[in-house]
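Enquirer: curious how this folds, go ahead:
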Amino acid sequence: MDLSVVVPTLNGRDRLAASLDSLAARAPAAEVVVVNGPSADGTTGMVRERTDVDVLVEVADRCINVARNAGVAAASGDAIALLGFDLRIAEGWVDAVRDGLAAASAVTGPVPRGDDDDGLERRRIAGRDVSYFNGDNVAFRAATLRDTLDGFDEYLRTGGARDAAHRLAGAGYDVAWRDAMATDREADEGDGPGPHGPDEQHRNWKYRSLSYRLTKNYGPRPTVARRTLAHASGDAADAARAVLRGEGSPSAWFGHGREVIGGILRGSADGLVARARDRSDTRNPYGLAVEKERAVATYDRRE
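Expert: Here you go, the predicted structure:
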């Protein structure tokens with residue numbers, strides 16, 4: 001197995017350096033592809049000075065899924081892993097990737113302060129068993145990632161990994177879990193900027209993404225409406241309780257509702273358009289196959 005590791009990064013130079021150090025120590029044979037940008041903290045200079053990074057791709061779009069696709073396009077391995085720039089791989093990570101991909105088309109493992117470290121999050125939606133994975137610690141067979149999924153959906157500013165999980169399940173592929181595919185980070189690193197850009201926690205985009213990916217993958221089913229409204233109701237109740245505790249204002253609660261409703265309506269409409277544009281199992285009209293210039297510059301030591 002020839003492994004490529006794609007590391008998208010955004011203004012995280014010091015944490016990225018620690019991640020790259022762990023790859024150099026524990027995955028020395030892996031091809032490392034860093035996708036940077038648009039960072040303003042000296043990341044480019046730091047990466048170009050290293051001899052253990054095979055490819056540096058500079059992008060102008062802050063969308064994490066554009067960065068992921070740019071890295072996938074540059075990778076040459078028959079297995080491709082995605083790693084968050086603030087994560088360091090543990091000893092045995094590469095062996096776990098190898099073992100997991102021998103059993104399934106994708107494999108994932110624990111991420112600190114993120115997903116449940118006890119195993120995969122699974123849901124059954126419209127008769128489909130979906131195994132979710134964290135996009136910051138996952139590996140695919142290259143053919144699955146490129147041909148079956150066509151990479152990640154670049155419409156999505158957040159939720160791209162969950163969308164890919166729906167599409168992977170729709171194609172009949174499974175995701176393996178390996179405890180040994182573990183990552184860690186320093187305890188004080190959790191408060192810095194994340195790798196997903198400014199839209200990750202934006203409430204409007206949260207519901208726009210949710211309704212888009214459910215509508216795109218399953219169509220306008222009652223199941224889709226119920227799941228979307230259940231999420232929205234839960235958030236609305238939490239916001240209302242915060243108002244009652246004096247931790248929020250009624251105007252903020254109404255603003256919350258407007259953002260949620262606007263996101264649901266826009267995401268549902270765009271999901272229907274996307275479903276019509278790509279009727280195949282790939283369900284990715286904004287994927288790798290779209291001809292566009294993702295990279296503004298590429299530094300390739302393999303040449």
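Enquirer: gap between the two ends of stretch 139-151?
Expert: Terminal residues of stretch 139-151 are spaced 12 Å apart (CA to CA, to the nearest Å).
Enquirer: for it, what is the distance to the chain centroid?
Expert: Distance of stretch 139-151 from its chain centroid, counting by CA atoms, centre = their mean, to the nearest Å, is 14 Å.
Enquirer: what does it rub up against?
Expert: Outside stretch 139-151, the residues within contact range by CB atoms under 8 Å, 6 or more residues apart in numbering are 3-4, 65, 68-69, 72-73, 75, 77-82, 97, 100-101, 105-108, 164, 167-168, 171, 173, 181, 281-282, 284, 287-289. Every C-beta, even on glycine, is put in place using the N, C-alpha and C of the backbone.
Enquirer: of these, grab the buried ones for ChimeraX.
Expert: With 16 or more other CB atoms under 10 Å as the criterion, this ChimeraX line picks the buried residues out of the contacts of stretch 139-151:
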select :3,4,65,68,69,72,73,75,77,79,80,81,82,97,100,101,105,106,107,108,164,167,168,173,181,282,284,287,288
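Enquirer: filter the contacts of stretch 139-151 down to the ones in helices?
Expert: 65, 68-69, 72-73, 97, 100-101, 164, 167-168 (DSSP state H).
Enquirer: elements contacting the helix or strand containing Thr44?
Expert: Element membership of Thr44, judged by DSSP states H and E, is helix 43-49. For helix 43-49, the packing partners by 3 or more CB pairs under 8 Å, 6 or more residues apart in numbering; DSSP states H and E come out as helix 13-26, strand 31-36, strand 55-59.
Enquirer: tilt between the last one and strand 31-36?
Expert: I take that to be strand 55-59. Comparing the axes of strand 55-59 and strand 31-36 via axes from the mean of the first three to the mean of the last three CA atoms, to 10 degrees yields an angle of 20 degrees.
Enquirer: so the chain: which segments form each domain?
Expert: Here the chain is described, according to automatic domain parsing, as comprising the domains 3-191+287-300, 203-277.
Enquirer: for the nearest residue to His166 once chain neighbours are set aside, give me its contacts.
Expert: Spatial nearest neighbour of His166, excluding adjacent residues (CB to CB, 6 or more residues apart in numbering): Asn217 at 4.4 Å. Residues near Asn217 by CB under 8 Å, 6+ apart: 163, 166-167, 170, 275, 283.
Enquirer: can you check Ala30 too?
Expert: 3-5, 23, 77, 81, 94.
Enquirer: and with 10 Å instead?
Expert: 1-5, 23-24, 52, 54, 77, 79, 81, 83, 89, 93-94, 97 (CB atoms under 10 Å, 6 or more residues apart in numbering).
Enquirer: now it: how far from Ala75?
Expert: Using CB to CB, to the nearest Å, Ala30 is found at 10 Å from Ala75.
Enquirer: could you do Val55 as well?
Expert: 8 Å.
Enquirer: need the residues touching each of these two.
Expert: In contact with both Val55 and Ala75: 4, 6, 31-33, using CB under 10 Å, 6+ apart.
Enquirer: need the max-distance pair from those.
Expert: Comparing all pairs in the shared contacts of Val55 and Ala75 by CB to CB, the longest separation belongs to Val6 and Glu31, at 9.3 Å.
Enquirer: mind listing what Gly42 touches?
Expert: 11, 13-14.
Enquirer: ok, so of the residues you listed, who is nearest Arg266?
Expert: Asn11 (28.0 Å).
Enquirer: now Val7: phi and psi?
Expert: phi -120, psi 100 (degrees, to the nearest 10).
Enquirer: if we can go back for a sec, dump the domains of the chain to CSV, plus mean pLDDT.
Expert: Listed next are these as CSV, based on pLDDT from 0 to 100:
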stretch, mean pLDDT
domain 3-191+287-300, 93
domain 203-277, 79
